[in-house]
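In: Whatever this is, show me its structure:
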Amino acid sequence: MGIRFRRIVGAALAAVCLAGAAQPSLAAERKDFKIAWSIYVGWVPWEYAKQSGILKKWADKYGIKIDVVQINDYVESINQFTAGKFDGVTLTNGDALTIPAAGGVDSTALILGDYSNGNDAVILKTGKTLADIKGQKVNLVELSVSHYLLARGLEDIKMSEKDITIVNTSDADMIAAAATPDVTAVVTWNPLVSEILAMPGTTKVFDSSQIPMEITDMTLVNTKTLKDNPKFGKALVGAWYETMAVMRADSPAGVKARADMAKMSGTTPESFDAQLKTTKMYWEPKDGVAFARDPALVKAMERVRQFSFDHGLFGQGAKSVDDVGISLPGGVVLGSAKNVKLRFDDSFMSMAADGKL
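Out: Reported below is the predicted structural model:
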């Protein structure tokens, strides 16, 4: 999979900053929409929804068309959404905040699909506890969800990034790096975690199950597009939860659906099922609503926004952690109420839960 929770600088930063200018003028009524997704256990259901006809069924119900497009480069998918080339994208809460929101694009978390519940991990070759990482070089994708996970783990044991040395390593190179004797500590995500833990002498010392809700995977849509075209939101949510019902079923149809998704992900059914076990899926709309309204999500976003600001992920012009506003259900706003750019909206999931789609 691609890099989750990463802010890109340089040319991509320029693209993000110009996003407002790149946004097309949106007519009040549109018929065609596009969603970008990249490979991850919690996002591949969109491709299944497309190939199975579930997405078309719901789009037809509302008289619209929705295309789902796989983008091999995760960050590029977010940059394209930010630039207005897609109406929605699959991503983590951290990336939603630091790329489109920080880039000035008002976006809405329409579907809260899951949170990482062990898919992301800190792995050591020398040492059996996280405290043993002190003084070591740690290979990870810098400014990614792995970086965030490590920072949170260190915080819990009263250590900091000053106690280790980060070695920026591409996810594509992580397996090869972990296999070399010079590399003694890595932080990464599944399916790479499973492959590295299969190597002799490796120990998982911290994982995302210890920071529940802080690494959340969602489907994000442009707020203006959603407001102007509520049928788009209804069709997406309806298709998603019908797909979830098929995916979770303990039946031949469910087994086949998960096997199909594994193939779409480029992995085996066994690996896909293993990844599901370390992912807290919100199978039903009522679960997504409960998550959106959980005070723990507010605390999680507080931690994420502080990490993002501290690491310069709001951009060079950001003067305060409060520069970018985040709204959550119940009238909760983190940061600037005058500059809300990331919205957690449970209204469409609520409609699904109440059978009103």
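
In: Need the phi and psi values for L143.
Out: When read as degrees, to the nearest 10, the backbone of L143 gives phi 60, psi 20.

In: how near is it to I166?
Out: Distance, L143 to I166, using C-beta to C-beta, to the nearest Å: 10 Å. In this view, the C-beta of every residue, glycine as well, is placed from N, C-alpha and C.

In: Looking at these two, which one has more neighbours?
Out: L143 (23 against 18; other C-beta atoms under 10 Å).

In: Pull the residues that contact stretch 167-186.
Out: Here stretch 167-186 makes contact (C-beta atoms under 8 Å, 6 or more residues apart in numbering) with 1-3, 122-126, 133, 136-142, 164, 188-189, 192, 195-196, 199, 202.

In: change it to 7 Å
Out: Contact partners of stretch 167-186, identified using C-beta atoms under 7 Å, 6 or more residues apart in numbering, comprise 3, 123-126, 133, 136-142, 188, 192, 195-196, 199.

In: Spatially central residue for the protein, please.
Out: Against the mean C-alpha coordinate of the chain, by C-alpha atoms, centre = their mean, the closest residue is T92 at 2.0 Å.

In: beta partners for that residue?
Out: D217 (DSSP bridges).

In: Can you identify the helix in this structure that spans the most residues?
Out: Ranked by residue count, the top helix of the chain under DSSP state H comes out as helix 230-248.

In: how far does that helix sit from the chain's center?
Out: 18 Å (C-alpha atoms, centre = their mean, to the nearest Å).

In: Check which helices and strands that helix sits against.
Out: helix 45-52, helix 54-61, strand 107-116, helix 223-228, helix 252-265, helix 347-353 (3 or more C-beta pairs under 7 Å, 6 or more residues apart in numbering; DSSP states H and E).

In: so of these, which one's packed in deepest?
Out: Greatest average neighbour count among those goes to strand 107-116 (a mean of 26), per mean count of other C-beta atoms under 10 Å.

In: Direction included, what does the next helix or strand after it pair up with?
Out: Going down the chain from strand 107-116, the next helix or strand is strand 120-124, by DSSP states H and E. Next to strand 120-124 in the sheet, as set by DSSP bridges, lie strand 185-189 (antiparallel), strand 203-207 (antiparallel).

In: Show me how far strand 120-124 is from its chain's centre.
Out: That offset, for strand 120-124, works out to 18 Å (C-alpha atoms, centre = their mean).

In: For whatever helix or strand comes next after it, output the C-alpha coordinates as PDB.
Out: Next helix or strand after strand 120-124 toward the C-terminus (DSSP H and E): strand 137-140. Output of strand 137-140 as PDB, limited to C-alpha atoms (Å, rounded to 0.1, in the frame of the first residue of the first chain):
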ATOM      1  CA  LYS A 137      18.400   3.900  14.400                       C
ATOM      2  CA  VAL A 138      14.800   3.400  13.400                       C
ATOM      3  CA  ASN A 139      13.800   2.800   9.800                       C
ATOM      4  CA  LEU A 140      10.400   4.200   8.900                       C
END
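
In: elements contacting strand 137-140?
Out: Using 3+ C-beta pairs under 7 Å, 6+ apart: strand 137-140 touches helix 145-156, strand 165-168, strand 185-189.

In: Out of the ones you listed, flag the one nearest D106.
Out: The stretch from those with the least distance to D106 (C-beta to C-beta) is helix 145-156; that distance is 23.4 Å.

In: and that closest one, which residues are buried?
Out: Buried residues in helix 145-156, counted by 16 or more other C-beta atoms under 10 Å: 145-154.

In: which residues are contacting that helix?
Out: Contacts of helix 145-156 with the rest of the structure, by C-beta under 7 Å, 6+ apart, involve 4-5, 92, 94, 120, 122, 130, 138, 140, 160-161, 163, 187-189, 206, 208, 211, 214-215, 307.
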